[in-house]
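Engineer: Predicted model follows, preceded by the sequence.
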Amino acid sequence: MAAIEGAFSFSVASVVEDVLQQHGNRPRGLDFDARRAEEAAFRRYEAASWLRRLVGVVVAKDLPAEPSEEEFRIGLRSGIILCNALNKIQQGAVQKVVESPLDSALIPDGAALSAYQYFENVRNFLVAMEEMGVPTFEASDLEQGGKSSRVVNCVLALKSYCEWKQAGGNGVWKFGGNVKPATSGKQFVRKNSEPFMGSLSRNVSADEKSLNSVCLDKDIDKKPCTSLSTLVRAVLSDRKPEEVPNLVESLLSKVMEEFEHHVSGKSELKKANNSGDFNISHGNKSLLKPCSQNVQNAAISNRDGILEKNQIYDKGTQSRFMKQKIVVDQQQKDIKVLKHTLCATKSGMQYMQMKFHEEFHNLGLHIHGLAHAASGYHRVLEENRKLYNQVQDLKGNIRVYCRVRPFLPGQYNQLSTVGHVEEGTITINTLSKNGKGQKSFSFNKVFGPLATQEEVFSDTRPLVRSVLDGYNVCIFAYGQTGSGKTFTMTGPNNLTESSQGVNYRALGDLFLLAEQRKDTFFYEVSVQMIEIYNEQVRDLLTSDGLNKRLEIRNSSQTGLSVPDASLVHVSSTSDVIDLMNIGQRNRSVGATALNDRSSRSHSCLTVHVQGKDLTSGNILRGCMHLVDLAGSERVDKSEVTGDRLREAQHINKSLSALGDVISSLAQRNSHVPYRNSKLTQLLQDSLGGQAKTLMFVHISPEPDATGETISTLKFAERVATVELGAARVNKESSDVKELREQVASLKAALARKDGEPAYIQQKPSGSPCSAQLSPFQPTLNAKNVFPSPNGMRKPMEDVGNIEVRSDSPLRQKKPTMDLDELLGNSPTWPPFSNHDQKNVDDDREVGPGEWVDKLMVNKQDPNGVESPLMSWNLNVPEKPCGLFPANNRFDVSGIDDLDELDAGTSDSSEPDLLWQFNNSKLGSFSNGISPNVEKALAKPAKSPELRTMIPKLGPSPLRKAVNGAGQGHASQQRIAKPTSVIKRKMGSRK
Ligand SMILES: Nc1ncnc2c1ncn2[C@@H]1O[C@H](COP(=O)(O)OP(=O)(O)OP(=O)(O)O)[C@@H](O)[C@H]1O
C-alpha cells in the first residue's frame, strides 16, 4: 500500500476513510485527525530539516529541526530561508534577497518595514518558483496560521526539484504530483479533509517518493507507510470476516478510481501544457481502468482549472512579455534616436573642434603677430630711450630723476598728491580756483613710492661707473625737508644691505668694477666728506672739522674742489661705511634740538678715483660728488629768528644761487653766477663743465605739501633743460684756439728778442700754431690732449682728466697758476703710491708756465695738432727769468678779501670770457700783442692794481721780464695775472 501510495502519490488513507464512510462504519478508536496531523508533522519536519541542511543552520536559525506549524510558518515568513534555499539550487533565481537586519522574531508583525521586506522576498521566491515550474503557495499562507501545509508541499517540491537536479536532471523538470499550480490548490483538495489531504495528497510525486526511498534509512520516511498499513489493518481487524472481501474490494476499486483520476488529471495537465507526455514514473496505461464519472468530472474541472490558470498565466506572461517587448522596442527606438543624436553631436563636436583648432591657430598667429609688434614696439621704445639719452648726452643735459616718497607710518589714510606715475612722467593733483586740476612733469625717469633702493640705483649705475672711465659725475638730491633726500643718498637710520642708498652702492660698485678691471687698470679711490652750513664749508671727516673753515677751489690742479678737506684713501665698501659713519657723527654734533643739521646743511661726499692704465701708463682721473642738499622749502623768514633765520637765509641763498646758475645755463647766458654761493661753487664743475650730472628731485605725497611739490618739480624741469656745454665747446674751442695762437705770438715775439731758435722766430703769418708744432710732435701725444672736433662729452682721458705717462713732457707740466691754488697752498691729490708720489713731487716742482699745461689738458686742438703753447711751455719754464715765481705765489698784497678776489676773477664763465673776447675784436695786433687782448684780459680783474697792469702787457714787459733781473714781482704779476685769468676761464670749462 505504501508502495502504491508512494508510486501514485495520492492519499490511501483518505481513500480508506472514504470507503469506511461509504460502508457506514467508521473504525472506532482510530484518530484520523491525529494521524493527519502526525503525517503533516512528518512532512513539515522533512521540509524543515531539508531546508536546514541546504541553507545551513545559521541561516535557518529561525527554523527548528522539528518545528511546530507556527514555528515553521514564522521561520519561513521572512522569505530569507526560502530565497537562500532556492538560490542554492538555482543560483541567481532570486536576484536580491532582502536580509532583515533584525531578528524576525523580534519584529512586530505589523512592522511596515519588515513586512515589506518579507513580502519582497516571498514574492520573489514565488515568482522564481513559478518560472521553474515548481508548485508554489500563496504569500498569505505564511501570514496566517493553519496554512503551512501548502508551504510544506512547496518546500518538498523544491526538494524534489533539487534532487532531480543533483541526479543530473536535464531539460525541463516535470512535477509529478497532483498539486495545484501556483495560487489555489482547492481543486485538488477535498473539502472535508483539506488540511489532512493537503498534506497527504499534494506533492507526493513518484519522483519524490523515489527520492524519499533514497532516504530510507531515516525513520521519518518510513512512518507514513507504516501508519497506512496499520490503518488498513486496524480497519480490517474489527470487521467480520464476511465483510472483509467487500470492504477490500470497495477499497481497491476506490484506490483504482483515485488512481485513474490521478492519471487522467496528469494527462490533462500534460495536454494543457502541450508537453506531450505525461510523466508517470511507473505508469502503465494498461493498468488504467475506466474511471467513474465523478472522478472524470473532477479531473476535467481540474484540467479546466489548470488550463484556465495556465491561460491566465500565459496571458499575464504574454501581456508582461508584450509590455516588455514594447518597452524594449521603445528603448531600441530611443537608442536609435540617441545614436543618431550622438552621431550628430559627434560630428558637431568634430566640426567645432576643427573650427576651434582653426581659430586657435589663427589666434596663435595673431598673438604671434601682436607679440612681434609688441617686441618691436618695445625695441623702438628702448631705442627711443637710448637715443633720447644719447641726445641728452650729446647736448650735455643734466639728467633728472624724480622720486616720490611713500606715506610714512601713520599717514596711510591721506590722499596722495601724486596722481599718476609713468616711466618718465608724473602727474600731480592740484587744487586751483577752478577746482581740482592736474599738472604733469616729464623727467628722465620717475620712481614711484614703491621703488626700491636697488631699482633707483640701477638707473644710476651707468653714471657711477663712468667715474672709472675718467668722467666727473655729480649726483645731488633736491627736495623739501623730509621728502627723502637722505633716504635716497644714504638710506634710512637703521641701515640694512637692501636699504643702502646711492652713496654706499656707488662706492660698492666702483670697488667691484675696479676689481674686475684689475688686469688692465690700477685704481685708487679716495673720499672726502664735507658739509656746507651757513655758507661755511666744513670737513666732516675730522673731529674738529666743524670749527675749520675750508675753501672751494674749482681750478685746483689736483682736481680737488676742496683741497683742504681730509682726503681718505678707501679700498673697500666697509671703509666707506666707516667713513660715512664718522661723517654722520660729526654732522650730528652740529645739530641742536631745534635744528636737525641734515635739513639745514648741504652735505657732499666726494669720491676721487685715479686709475692707471697698466699697458699705456696713462692715468685717468674721475671724481664724483654725491650731494644731499638742505631742504628746499621756502622758509617764511618772518616766522623765524636768530640762528634759524640765519640758516634759512643761507639755505635760501644757496638754493636760489643754484636756481640762478641753472637758469643762466638754461638760457645760455654768457654769465653764470657760480660764485654766488658755496654750493654753486662746489658744483661748478658739475653744472657747467663736462661732468655728467644727475639730480634726484624728491617730492612728498602729502596734500599739504602740494605747493612745495609743484615748485620743486618746476625747478627740476628747468634743470632738465640745462645743456652742459658740449654744444658750446665746439664754438668756444675755435675762439679759445684763436686766443691761444695770439698768446703764442706774444711768446714768439719774446723769443725772437732773446735769440730763440729760428723756428720760433720764423712764425708763419697764416697759422702760428702749425709752424711751431713739428718739433714737439714726437714727444706729445696730441690725440690725448685735444678735444675731438665734434665737441662731444668725452672721457677725461680725452678731455683733460688724464695724465700721460710720467715721462711725457705733458706730465711734467702741471698748472698751478690758478689764483686759488697759488694762494691756497693746496695739498697734492691723490696720495698715490711711491712711484706716483714721484710724479706728484714733480708736479710740485713744476713752476712757471704750469697754467699752460692746464689749458692744454683741458682744451684740445680739434685738429689734433700740438698747440704753440706747449712749445712755449717746453722751452720756457725753467728759465731763471721765469714769468712766475717758483713758489707759485702771487703777491697778493692789497687783495684783502680772497673771496672777493676769487669772485672777481672767476665769476665769469667761459662764454662770459668769450663774449668779452669777441667784443675786444681780437684779430690783428702788432708785435704779437693786440690791444684788444689787453682789454679782454684786463676786464675780469677787479683789482685796480691788476687792471692797471694789463695795458702794460706786451712785448716790453715780457722783454723786461726775460731780460731784466731787476724786474720785480710786480712785473711778474703783470704777466701772470692776465694769463691766470685766461687759465681760470679755460679751467672753468673742465
Ligand atoms: N622711499 C622711501 N621709502 C621709505 N621711507 C622713506 C623714503 N624716503 C624717505 N623715507 C622716510 O622719510 C623720512 C624722511 O626722509 P629723509 O630724512 O630722507 O628726508 P630728507 O629729505 O633727507 O629730509 P632732510 O631735508 O630733513 O634731510 C625718513 O624717516 C625716511 O626713512
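Structural biologist: Nice, thanks for sending it over.
Engineer: Surely K96 is within a helix?
Structural biologist: No: applying DSSP: H, G, I helix; E, B strand; the rest coil, one finds K96 to be coil, outside a helix.
Engineer: What count of nearby residues applies to it?
Structural biologist: Look at K96: counted by other C-beta atoms under 10 Å, it has 9 neighbours. Every C-beta, even on glycine, is put in place using the N, C-alpha and C of the backbone.
Engineer: For the ligand, see how far away it is.
Structural biologist: 77 Å (C-beta to the nearest ligand atom, to the nearest Å).
Engineer: which secondary element of the chain has the worst mean pLDDT?
Structural biologist: helix 850-858 (a mean of 28; mean pLDDT, DSSP states H and E).
Engineer: for the spatially closest residue to S440 that is not a sequence neighbour, helix, strand, or coil?
Structural biologist: Nearest residue to S440 in three dimensions, chain neighbours excluded: T427, at 4.7 Å (C-beta to C-beta, 6 or more residues apart in numbering). Of the three states, T427 takes strand under three-state DSSP.
Engineer: so what's T427 up against?
Structural biologist: Shown in contact with T427 (C-beta atoms under 8 Å, 6 or more residues apart in numbering): V418, G419, H420, V421, Q438, K439, S440, F441.
Engineer: my guess is the last one is in a strand, correct?
Structural biologist: Read that as F441. Yes: checked against three-state DSSP, F441 lies within a strand.
Engineer: That one: how many residues sit nearby?
Structural biologist: F441, neighbours per other C-beta under 10 Å, totals 22.
Engineer: got it, and the one 10 residues further on?
Structural biologist: In terms of burial, A451 registers 18 neighbours under the definition other C-beta under 10 Å.
Engineer: picking that back up, relative to K714, how far out is the residue nearest to S440?
Structural biologist: Noted for T427: a distance of 14 Å to K714, by C-beta to C-beta, to the nearest Å.
Engineer: ditto for R538
Structural biologist: According to C-beta to C-beta, R538 and K714 sit 31 Å apart.
Engineer: Now for the contacts of T427: which two are most distant?
Structural biologist: Farthest apart among the contacts of T427 by C-beta to C-beta are V421 and K439. That separation is 13.5 Å.
Engineer: now the stretch 501-650 of the chain, which segments are flagged as low pLDDT?
Structural biologist: Residues of the stretch 501-650 of the chain meeting the criterion pLDDT under 70: 545-547, 554-559, 588-599, 634-641.
Engineer: show me where it has helices.
Structural biologist: With DSSP state H, counting those that start in this stretch as the criterion, the stretch 501-650 of the chain has helices at 502-516, 573-589, 597-600, 642-666.
Engineer: Buried residues in the last one, which are they?
Structural biologist: By that I understand helix 642-666. Within helix 642-666, the residues that count as buried by 16 or more other C-beta atoms under 10 Å are 644, 647-648, 650-655, 657-658, 660-666.
Engineer: Give the helix, strand or coil label for T496.
Structural biologist: Going by three-state DSSP: T496 is coil.
Engineer: What values do phi and psi take at it?
Structural biologist: The phi/psi pair for T496 (degrees, to the nearest 10) reads phi -120, psi 180.
Engineer: So what's the residue count around the residue of the stretch 201-350 of the chain found nearest the ligand?
Structural biologist: Closest contact between the stretch 201-350 of the chain and the ligand, by C-beta to the nearest ligand atom, is at M349 (57.3 Å). M349 is flanked by 12 other residues according to other C-beta under 10 Å.
Engineer: With N586 instead?
Structural biologist: Neighbourhood size, N586 [other C-beta under 10 Å]: 21.
Engineer: wait, it sits on Y533?
Structural biologist: No: with contacts counted by C-beta atoms under 8 Å, N586 stays clear of Y533, the gap being 11.4 Å.
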